[in-house]
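# structure for the following, please:
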Amino acid sequence: MRVVVLSDTHVRRGGRKVLPAAALEHLRQADAVLHAGDVLERWFLDELAELAPVHAVLGNNDTGLDLPERLELELEGVRVGMVHDSGARTGREGRLSRWFPACDLVVFGHSHIPVDAAGRGQRLLNPGSPTDKRTQPHHTLAVVDLIEAKIQQTQIVDLD
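Got it, this is the predicted structure:
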């Protein structure tokens with residue numbers, strides 16, 4: 001199963017921010033899409049859902065969207081936890097482990113800083129942002145390949 005992970009897209013209908021073509025190419029190959037918040041408008045999730053099933057959490061800029069603040073789900077036998085804001089970098093591993101003790105993969109966003117790291121028995125993944133790189137050198141998303149209840153590979157993808 002190929003999972004494309006997004007966060008902090010900040011896309012508004014008619015706005016300046018749009019998904020880059022390279023992001024759309026990855027999304028067309030997805031079996032599932034995870035969005036770690038700051039979607040802004042429901043239509044964007046609906047469009048993503050035309051490509052693959054979407055699971056999303058509420059970001060700090062997502063007013064009026066009926067999304068959970070935290071979400072746990074299972075994909076291809078892998079337990080996944082999602083939250084927008086993981087808190088400060090200091091103590092992140094322990095905090096996410098306490099919030100999602102049964103999860104193999106924990107997805108988060110908010111900082112726009114890509115992270116792909118081993119935590120306390122978990123894979124911690126922040127895809128960065130495909131539309132608003134802020135201080136980062138590139139616009140990014142993440143791709144996760146799952147097979148037989150295991151994380152086969154995680155990758156931060158440079159979209160520039």
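# what segments of the chain are strands?
Secondary structure of the chain, counting by DSSP state E: strands at 2-6, 32-35, 54-56, 70-75, 78-83, 105-107, 115-118, 123-126, 140-147, 150-158.
# so which of those is nearest G91?
Of all these, the one in closest proximity to G91, counting by Cβ to Cβ, is strand 123-126 (12.5 Å). Every C-beta, even on glycine, is put in place using the N, C-alpha and C of the backbone.
# pairing partners for the closest one, with directions?
Using DSSP bridges, the strands paired with strand 123-126 are strand 105-107 (parallel), strand 115-118 (antiparallel).
# may I see those arranged in CSV, with mean neighbour count as well?
What follows is the strands paired with strand 123-126, written out as CSV (neighbours: other Cβ atoms under 10 Å):
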stretch, mean neighbour count
strand 105-107, 27
strand 115-118, 14
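# out of the strands of the chain, nearest to D132?
Here strand 140-147 is closest among those (Cβ to Cβ), at 10.7 Å.
# what's the closest one packed up against?
With contacts taken as 3 or more Cβ pairs under 8 Å, 6 or more residues apart in numbering; DSSP states H and E, strand 140-147 sits against strand 2-6, helix 21-28, strand 123-126, strand 150-158.
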